[in-house]
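Visitor: what shape does this take:
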Amino acid sequence: MTTTAPAADARVLGLAHYAARGVLEHVLARHGVTFQQQMALRAAVTADAPQTPDDLATQVRGSLKADPADIRATLDELLAKKLLVAEGSHLRPTDAGRKLLAAVGAEIAPISTRIWGGIPAEDLAAAGRVLALVTERANAELAELTI
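Guide: Model (predicted):
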């Protein structure tokens, strides 16, 4: 029996996003952090230099489209958990923050392999191109809505 794959659309994209995010959130919960906290911490860890709270909030907002006040609250939570530390007007990840991301990464890696493994490279490349275009167009529409 041959099954026809659904055409990519907003619903299919959303279902894939929430399925994958659900897996990650399950792992994050075991480590006592939320998805938004992980995104903000990752932004701090991957930055070339310590960032100001505004810089981090802007970066996270660009990814998550979350309310700036919620992102600032998330940064405060990371400071309270000692996963970020303030140095003057900048925030930097602590060793505990880096270790947490490494532990989450190690735990999620085999799951990601099971999810993504076996998908042909040309399919992943095509999906990547489509998703990049959808992201670009959606960001442009969002920018128009917020003017």
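
Visitor: tell me the buried residues in the helix or strand hosting Arg11?
Guide: Arg11 is part of helix 10-30 when elements are defined by DSSP states H and E. Residues Leu24, Val27, Leu28 are the ones in helix 10-30 that count as buried (16 or more other CB atoms under 10 Å). Where C-beta positions appear, they are placed from N, C-alpha and C, glycine not excepted.

Visitor: that helix: what's the following helix or strand?
Guide: Immediately after helix 10-30, counting by DSSP H and E, sits helix 35-46.

Visitor: tell me the angle that next one makes with helix 10-30.
Guide: With axes from the mean of the first three to the mean of the last three CA atoms, to 10 degrees applied, the angle from helix 35-46 to helix 10-30 works out at 80 degrees.

Visitor: what is the rounded mean pLDDT of helix 35-46?
Guide: Taken as a whole, helix 35-46 has a mean pLDDT of 97.

Visitor: tell me which residues in the following helix or strand past it are buried?
Guide: Next helix or strand after helix 35-46 toward the C-terminus (DSSP H and E): helix 53-64. For helix 53-64, the buried set under the neighbour-count rule, 16+ other CB under 10 Å, comprises Pro53, Asp55, Leu56, Ala57, Gln59, Val60.

Visitor: need the residues that contact helix 53-64.
Guide: Helix 53-64 is contacted from outside by 36, 39-40, 43-44, 47, 51, 66, 68, 71-72, 74-75, 91, using CB atoms under 8 Å, 6 or more residues apart in numbering.

Visitor: thanks a lot, see you next time.
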